[in-house]
Each structure stands twice: as C-alpha cells, then as structure tokens.
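J.: starting from these lines, generate the structure:
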Amino acid sequence: MAVFSMRDFDGHEQIIFASDPETGLRAIIAIHDTSRGPALGGCRMWDYASEDLAVEDALRLSRGMTYKNALADLPFGGGKSVIIGNARTAKTPGLMAAMGRAVDRLAGRYIIAEDVGTSVDDMAVIRGVTRHVAGLRDGSGDPSPATARGVFVGIKAAVQHRLRRNSLDGLRVSVQGLGHVGWELCRQLAAEGARLSVSDIRTEAVERAVVSFGATPVEAERIFDVDADVFAPCALGAVIDDGTLPRLRAAIVAGSANNQLAEARHGAELARRGILYAPDFVINGGGVINISHEAGANGYDRAAAFAHVDRIHDILLDIFKRADAEGVPTNLAADRIAEERFRPSGIS
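T.: Numbers count the residues shown, from 1 in each chain. This next block holds a predicted model:
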C-alpha cells in the first residue's frame, strides 16, 4: 500500500494503523492537520471491500474535517478514524474499548466521536479507557439533530441566494437517505411546508415518511431524476459523479452526506450547469459544532450550541457571494476561506 502516493493523501500529519487480535480490531486513524488544535472527527465502522478503500476513506474524511472545523471557526484540527468490519455483526464492547486504547496512545492529538456505524453508546465504552472522546450522552449526545438543523438552515441560505425567496412553503425537496439526519431534516422541512420526495434502501423508512410527512416515494436509483428545487443527499458520499450529475433536475444541491462530489471537478460542472452547490463540509457541520460545545467552561449548553449551528446560514451566504465575486465554484470558494484559517500565510 503506497499511502503517500494515494490520490487522497494531502500532506496528512499522521496515519495510524491499529489492530487488536483478541477483539478483531482493524482500524485506521488519520490526522490531517492540527494547526488550529487537536484533530476532532468521528469514527466510522464500515465493511470496506479492501484495506485500500478504508485508508482512502480515512484520508478523505480527515481532510474534510480540517476544512469543516476551520469554516465553523472551531479550535480544532481535522481527523477521522475508520474501523474495518460490519457494525451490525462484528462490533462488540471489547472492540470499541480496543479502539479507545488506540486513541489514548495518541495522547490527545485526536479526539474521537461517533459517525456512521458507531453510536453514543459506543463512545461511552471508549470513555472508559480514554478521556479523548466527545459526543457523550451526558454531554452533547447524539449529534444528528444538530447536523439536521445545520442542513435545514443551509438549505434556507441556498434558497435565498439561488431562488431569491425566504419561505420554504411549497419548495420541492428530494431527499436521498432517511437515516437519523435525513429523517430529522424531513421533519423540519415538512413543518415549513416543503413538498418532499424521498428515497432510501429501506422500504419501511420510505413508507414511514409517506405517512409522517406526506412525502412522495421514489425508487433509490430514480431520486436523481426528480424535478425539484433542492436535491438533498443524506446517505453516503460520492453520489455526484459523471453518471448522476447530468440527470439532476434541481436548482440546488444541499444535503448532509460527506464528500458528495466524486471528484472536485464535479463542483465546477454543477456551477457550469447553473446548479448551486452548498459544500458538504460546511452545511453538515452542525454535528461537530454541537460536540465542540462540550468543552465550554460551564459544560454543554444546548441553546448556545444550536445558536452556533444556525450561523451555518450566514457562512454559506458568504461562500456563495465569494464564489460569485471570484467566478469560481462554491466548493473552491469554501476551500479558500478554510485554508486562510488553518494554513500559515504564504504556505500552500
């Protein structure tokens, strides 16, 4: 495995391979940048088809956390960890404790939190072996509501900028993925009068959304073809690619999934087609913002945390305006703003 020559290697400070034969732990911790503080990022457990794919995911996600934390103006750098394995069948308290010990050996350079395939309960197990963990039940808890709130206010910002309207009443939104974040986003959108089209690989989740929100069900592979004002990807990443992008019938792409663009060039192609893209590492920053408030002097304050999440609206408006002024795609404008915050002047 030639890590340094991988496409997603971006000058990462540290890449750690952790294993524990007794529990079966096989994990990668990637620390991208700690210029602003210790690396903060979630732990994803996924049944990767290969070790190379697991490393690529860790590299890509950790870099995204550096940019996400910088744009949210948090005193943290970017890191991420991945555990190779099926979260439903291979995850045990012993395995999570072994992961915690791997984190603890880094002496605070990396702070772990939940992500796809891990939970608040898993973080409680990890807390038993290291203090370098966030997103605990007695702290900020499940970050999904905060993530959904950030996407909700981010959609409002995109609608304001692209469609020149402040109301979501009657807005057509197609939502891909009805997990914790996607479901909560649908709830908030429906409460504002948005008309929803939804897809998920779980038919029962789609059926619930039809009953709960009056949503229109869409087959998973057809969600890209729906006529909508907003397409909200809320499942896994890399869904905007050469095959799906020409099929989009939306004016805006704004959702919670990480790494929605299969390649950075797809941001330019969205712009060329007149589709406004809300960069994923900005709009889905509510969860990490919420977690960051656990470190407050007086402990976690939910009202203060969610007020901070709501600032995603204005951050996105600034990115859209800068993209327009500089004639660049929104993902590039967001990158530039983030890099100004975490890279010393004159270093690229």
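J.: for the record, mean pLDDT for whichever strand or helix holds Val82?
T.: In this assignment (DSSP states H and E), Val82 forms part of strand 77-84. Taken as a whole, strand 77-84 has a mean pLDDT of 98.
J.: so what strands line up beside that strand?
T.: According to DSSP bridges, strand 77-84 forms sheet pairs with strand 25-33 (antiparallel), strand 39-46 (parallel).
J.: in JSON lines: these, plus mean neighbour count.
T.: To be clear about C-beta, it is placed using only N, CA and C from the backbone, and glycine gets the same treatment. Below are the strands paired with strand 77-84 laid out as JSON lines (neighbours: other C-beta atoms under 10 Å):
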{"stretch": "strand 25-33", "mean neighbour count": "25"}
{"stretch": "strand 39-46", "mean neighbour count": "26"}
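J.: wait, which of the ones you listed is closest to Ala72?
T.: Evaluated over the strands paired with strand 77-84, closeness to Ala72 peaks at strand 39-46, with 10.5 Å, by C-beta to C-beta.
J.: I'd like the next helix or strand past the closest one.
T.: Using DSSP H and E, the helix or strand that follows strand 39-46 in sequence is helix 51-71.
J.: which other residues reach stretch 107-119?
T.: With C-beta atoms under 8 Å, 6 or more residues apart in numbering as the test, stretch 107-119 has contacts from 14, 29, 31, 34, 38-46, 76, 79-81, 83, 87, 91, 96, 99-100, 103, 120, 122-123, 126, 130, 132-135, 142-143, 236, 288, 291.
J.: whoops, I mixed them up, stretch 209-219
T.: By C-beta under 8 Å, 6+ apart, stretch 209-219 touches 174-175, 178, 183, 186-187, 189-190, 195-200, 206-207, 226.
J.: among those, name the buried ones.
T.: Neighbour counting over these (16 or more other C-beta atoms under 10 Å) leaves 174-175, 178, 183, 186, 189-190, 195-200, 206, 226 as the buried ones.
J.: what distance do you get for the residue nearest in space to the middle of the chain to Gly64?
T.: Nearest to the geometric centre of the chain sits Asn258, at 4.1 Å (C-alpha atoms, centre = their mean). Between Asn258 and Gly64 the distance is 6 Å, computed by C-beta to C-beta, to the nearest Å.
J.: between these two, which contacts overlap?
T.: Asp280, Phe281.
J.: circling back to that earlier point, buried subset of the contacts of stretch 107-119?
T.: Those of the contacts of stretch 107-119 that meet the buried threshold are 29, 31, 34, 38-46, 76, 79-81, 83, 87, 91, 96, 99-100, 103, 120, 122-123, 126, 130, 132-135, 142-143, 288, 291, by 16+ other C-beta under 10 Å.
J.: and Glu204, that one's in a helix?
T.: Yes. With DSSP: H, G, I helix; E, B strand; the rest coil as the criterion, Glu204 is part of a helix.
J.: which ones are touching the residue nearest to Glu192 when sequence neighbours are not counted?
T.: Leaving aside its sequence neighbours, Glu192 sits nearest to Leu168 (C-beta to C-beta, 6 or more residues apart in numbering; 4.0 Å). Applying C-beta under 8 Å, 6+ apart to Leu168 gives the contacts Ile155, Lys156, Val159, Leu189, Glu192, Gly193, Ala194.
J.: repeat for Asn86
T.: Asp47.
J.: among the contacts of Leu168, the buried ones, what's the PyMOL command?
T.: Per 16+ other C-beta under 10 Å, the buried members of the contacts of Leu168 correspond to this PyMOL selection:
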select buried, resi 155+156+159+189+194
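J.: what's the angle from the strand holding Val82 to helix 51-71?
T.: 150 degrees (axes from the mean of the first three to the mean of the last three C-alpha atoms, to 10 degrees).
J.: check which element follows strand 77-84 along the chain.
T.: Once the chain leaves strand 77-84, the next helix or strand it forms, by DSSP H and E, is helix 93-104.
J.: against which helices or strands is that following helix packed?
T.: Packing partners of helix 93-104 (3 or more C-beta pairs under 8 Å, 6 or more residues apart in numbering; DSSP states H and E): strand 14-20, strand 25-33, strand 77-84, strand 110-114, helix 120-127.
J.: CA atoms only: put the third one into CSV for me.
T.: This points to strand 77-84. Output of strand 77-84 as CSV, limited to C-alpha atoms (Å, rounded to 0.1, in the frame of the first residue of the first chain):
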residue,chain,number,x,y,z
GLY,A,77,-7.9,20.4,13.5
GLY,A,78,-9.1,17.6,11.3
GLY,A,79,-9.0,13.9,11.9
LYS,A,80,-11.1,10.8,11.3
SER,A,81,-11.0,7.1,12.1
VAL,A,82,-12.4,4.1,10.4
ILE,A,83,-12.9,0.6,11.7
ILE,A,84,-13.0,-2.2,9.1
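J.: between it and strand 110-114, how many degrees?
T.: Between strand 77-84 and strand 110-114, the angle comes out at 60 degrees (the same axes, to 10 degrees).
J.: quick one, strand 77-84 and helix 93-104 angle?
T.: Using the same axes, to 10 degrees: strand 77-84 against helix 93-104 is 150 degrees.
J.: just the fourth one next, same as before
T.: Orientation note: strand 110-114 sits at an angle of 150 degrees relative to helix 93-104 (the same axes, to 10 degrees).
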